[in-house]
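**Q** no sequence on this one, just coordinates:
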């Protein structure tokens, strides 16, 4: 027999995203397959394991004539049923007339919500869209031996078509069928609350309130489990942009690389309440919680004049989620985006770190939910390396801005597509560099031919060309006494933002966004001489998001020989020394 809870696991690492709420105190634990679901109230428990499978409870309730059961406990033997399908024809035969006749009572079978055996279908509960007596009346011998009557005859085989098309049901005939879910992607959620009061009455208002308001206590439970998980451990470098020019006898280049070492422990959870018939969500709360260490870096090698902007998805992978097929599916994915922009008249090398530590960050979405408790977390700037070198024989002007954006995307599908949306949590780590330096020697530049290299794995990046006027730089000297005047400064920022990309019933829409954390720091600033005033530099605190990749059509490179780069700064910026702005 296939355990449906096994099917709920994503094929990745142990779960580490926590869906918001778990089963309330009104819920008990375990799937009691010995008890039929014939009184209008049914439960299905999704049990996790030590390997991190999702766990939680789904409860449905309504009229005793609108919800039925075809398990062995309800007097039915399933003859043909696929374990991995939401929509299919099945054959079944009655083994206990005192119970199995409930399927056809009053309204007939069509339109009812039916509880399925563990090995029949992907879903715990299905919609019956058709009922008939099939031509195939064959019964396997091991079943027939138990069902044969005294007169030697066998009961008639029935057939049903089951699916998750709850929207096709006429609620005026079948009546309203309610549901509530509390679940998480850590084991033990189904047993978090005591099992002393598994309510059987159909007045469920107290159950719903208790289930939806259990978020606060559950968060503490989830954090305990989260500490033992590592969801992802990434250490990679990506090229975001690479452009070369040939200007015989020399060549010049602009290149941007982004590296990321990311260690994340995360979890998601949800508490949802509504009606299966008609399909509707009345209340919804989604949680994402995480601990993360982010060690990123921007590397810029530039010897060109022009403007560059690039946006690229560097990495994306599915992570364990939550699945009550046909009722609620939340499929999370983790991604890393990079955005970089530069306006340069420069020959320089730059390496700036993007290092942060995030502890107990929690998002409850939508933010207007009355269950949105314990938002936020601890977001810390961590000691980060900084290197900047430039050629003192040239004018070095420009602004560079880079963003490394790890994030979580939570795809939500409720009631077989009746509600579909996506909720995201972005951690935007940014750095900004402003340069206004003047070399004290001379040199010159010429217009060169572009030689663009296609970046492997550049994704959907778009290249846009625009003309740029020729720049004349001072000629280099051979004395080795070149120096700088002017200023440069470097800043960093961190924004943690949650939002949605589509409307989900009347719960939230794509305009629903909120900021969990936003802060800017001044990492370093320095001036040489008195020719360039500090206030002439662009304010780096006004951070922006880069547009899709663009590159100037005409770039400039020097006629001959760059003088050696001179280091302006090469140090570790201590978190204790940075200035918050």
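**A** Nice, I can see it. Because the structure is a prediction, the values reported are computed rather than measured.
**Q** what's the helix or strand for residue 363?
**A** strand 348-365 (DSSP states H and E).
**Q** show me this protein divided up by domain.
**A** When the chain is parsed with automatic domain parsing, its domains come out as 4-219, 245-264+290-580.
**Q** so how far is stretch 322-335 off the chain centroid?
**A** 11 Å (CA atoms, centre = their mean, to the nearest Å).
**Q** still on that earlier bit, check which helices and strands the strand holding residue 363 sits against.
**A** Judged by 3 or more CB pairs under 8 Å, 6 or more residues apart in numbering; DSSP states H and E, strand 348-365 is in contact with helix 215-226, strand 280-302, strand 376-381, strand 384-390, strand 396-414, strand 419-439, strand 484-500, strand 513-528. For every residue, glycine as well, the C-beta is placed using N, CA and C.
**Q** can I get the ones you listed in a markdown table including mean neighbour count?
**A** Output for these, formatted as a markdown table (neighbours: other CB atoms under 10 Å):
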| stretch | mean neighbour count |
| --- | --- |
| helix 215-226 | 19 |
| strand 280-302 | 22 |
| strand 376-381 | 16 |
| strand 384-390 | 20 |
| strand 396-414 | 23 |
| strand 419-439 | 22 |
| strand 484-500 | 22 |
| strand 513-528 | 16 |
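**Q** closest to residue 273 out of the ones you listed?
**A** Ranking these by proximity to residue 273 (CB to CB) places strand 280-302 first, at 4.5 Å.
**Q** angle of that closest one against strand 484-500?
**A** With axes from the mean of the first three to the mean of the last three CA atoms, to 10 degrees applied, the angle from strand 280-302 to strand 484-500 works out at 160 degrees.
**Q** I'd like the average pLDDT over strand 280-302.
**A** For strand 280-302, mean pLDDT rounds to 89.
**Q** show me what that strand is packed up against.
**A** helix 205-212, helix 215-226, strand 250-277, strand 328-345, strand 348-365, strand 396-414, strand 419-439.
**Q** and the gap between residue 110 and residue 325?
**A** 21 Å (CB to CB, to the nearest Å).
**Q** neighbour count for those two, which is higher?
**A** It is residue 325, of residue 110 and residue 325, that has more neighbours when counted by other CB atoms under 10 Å, with 21 against 17.
**Q** list the contacts for the more buried one?
**A** Counting by CB atoms under 8 Å, 6 or more residues apart in numbering, residue 325 touches 86, 122-124, 164.
**Q** how about 6 Å then?
**A** Residue 325 makes contacts with 86, 122-123, as judged by CB atoms under 6 Å, 6 or more residues apart in numbering.
**Q** rewinding a little: as JSON lines, the helices and strands packed on strand 280-302 with mean pLDDT and distance to residue 294 would be great.
**A** Shown next, in JSON lines, are the helices and strands packed on strand 280-302 (pLDDT from 0 to 100; distance: least, CB to CB, whole Å):
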{"stretch": "helix 205-212", "mean pLDDT": "57", "distance to residue 294": "33"}
{"stretch": "helix 215-226", "mean pLDDT": "58", "distance to residue 294": "17"}
{"stretch": "strand 250-277", "mean pLDDT": "87", "distance to residue 294": "6"}
{"stretch": "strand 328-345", "mean pLDDT": "90", "distance to residue 294": "10"}
{"stretch": "strand 348-365", "mean pLDDT": "89", "distance to residue 294": "5"}
{"stretch": "strand 396-414", "mean pLDDT": "91", "distance to residue 294": "7"}
{"stretch": "strand 419-439", "mean pLDDT": "89", "distance to residue 294": "6"}
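**Q** so which of the ones you listed comes closest to residue 235?
**A** Per CB to CB, nearest to residue 235 of the helices and strands packed on strand 280-302: strand 250-277, 4.6 Å.
**Q** check the offset of that closest one from the chain's centre.
**A** 7 Å.
**Q** what angle sits between it and strand 396-414?
**A** Going by the same axes, to 10 degrees, strand 250-277 is angled at 20 degrees with respect to strand 396-414.
**Q** now strand 250-277 and strand 348-365, what's the angle there?
**A** 0 degrees.
**Q** what comes up buried for strand 250-277?
**A** Neighbour-count burial for strand 250-277, counted by 16 or more other CB atoms under 10 Å, picks out 250, 252-260, 262, 264-277.
**Q** please apply the same query to stretch 93-109.
**A** The neighbour-count check on stretch 93-109 (16+ other CB under 10 Å) flags 93-95, 99-100, 102-103, 109 as buried.
**Q** and the two most separated of the residues you listed?
**A** 95 and 109 (16.7 Å).
**Q** hey, what's residue 390 bridged with?
**A** For residue 390, the beta-bridge partners are residue 348, residue 566 (DSSP bridges).
**Q** wait, it touches residue 396, no?
**A** Yes - with contact defined as CB atoms under 6 Å, residue 390 counts as touching residue 396 (4.7 Å).
**Q** which neighbours do the two share?
**A** With CB under 6 Å, 6+ apart, residue 390 and residue 396 have common neighbours residue 348.
**Q** just say helix, strand or coil for the residue sitting furthest away from the middle of the chain.
**A** Distance from the C-alpha centroid of the chain, by CA atoms, centre = their mean, peaks at residue 151 (61.6 Å). Three-state assignment for residue 151 (DSSP: H, G, I helix; E, B strand; the rest coil): coil.
**Q** before we move on, the earlier item: would you reformat the helices and strands packed on strand 348-365 as a markdown table and include distance to residue 157?
**A** As requested, those are exported to a markdown table (distance: least, CB to CB, whole Å):
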| stretch | distance to residue 157 |
| --- | --- |
| helix 215-226 | 45 |
| strand 280-302 | 36 |
| strand 376-381 | 58 |
| strand 384-390 | 71 |
| strand 396-414 | 34 |
| strand 419-439 | 37 |
| strand 484-500 | 48 |
| strand 513-528 | 55 |
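**Q** for residue 147, which of these is the nearest?
**A** strand 396-414 (39.4 Å).
**Q** packing partners of that closest one?
**A** Judged by 3 or more CB pairs under 6 Å, 6 or more residues apart in numbering; DSSP states H and E, the packing partners of strand 396-414 are strand 280-302, strand 328-345, strand 419-439.
**Q** let me see the contact set for the closest residue to residue 96 other than its chain neighbours.
**A** Using CB to CB, 6 or more residues apart in numbering and skipping residues adjacent in sequence, the residue nearest residue 96 is residue 75, 3.3 Å away. Counting by CB under 6 Å, 6+ apart, residue 75 touches 94-96, 99-100.
**Q** thinking again about what came up before, of all the helices and strands packed on strand 396-414, which one comes closest to residue 315?
**A** strand 328-345 (4.3 Å).
**Q** partner strands of that closest one and their direction?
**A** Strand 328-345 has the following strand partners under DSSP bridges: strand 305-318 (antiparallel), strand 322-324 (antiparallel), strand 396-414 (antiparallel).
**Q** for the ones you listed, give me CSV that also has distance to residue 567.
**A** Putting the strands paired with strand 328-345 into CSV (distance: least, CB to CB, whole Å) gives the following:
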stretch, distance to residue 567
strand 305-318, 22
strand 322-324, 52
strand 396-414, 13
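**Q** select, out of the ones you listed, the one closest to residue 349.
**A** In terms of CB to CB, the element of the strands paired with strand 328-345 nearest to residue 349 is strand 396-414, at 11.3 Å.
**Q** wait, doesn't residue 155 sit right on residue 94?
**A** Yes - counting by CB under 6 Å, residue 94 is a contact partner of residue 155 at 5.0 Å.
**Q** pLDDT (mean, whole number) over stretch 169-184?
**A** The pLDDT scores in stretch 169-184 average 92.
**Q** pull out the buried residues from that stretch.
**A** Under 16+ other CB under 10 Å, the buried positions of stretch 169-184 are 169, 171, 174-175, 177-184.
**Q** restricted to strands, list those.
**A** The strands, defined by DSSP state E, take in 177-184 from these.
**Q** now, which of the residues you listed sits nearest residue 518?
**A** When those are compared against residue 518 (criterion: CB to CB), the nearest one is residue 184, at 28.3 Å.
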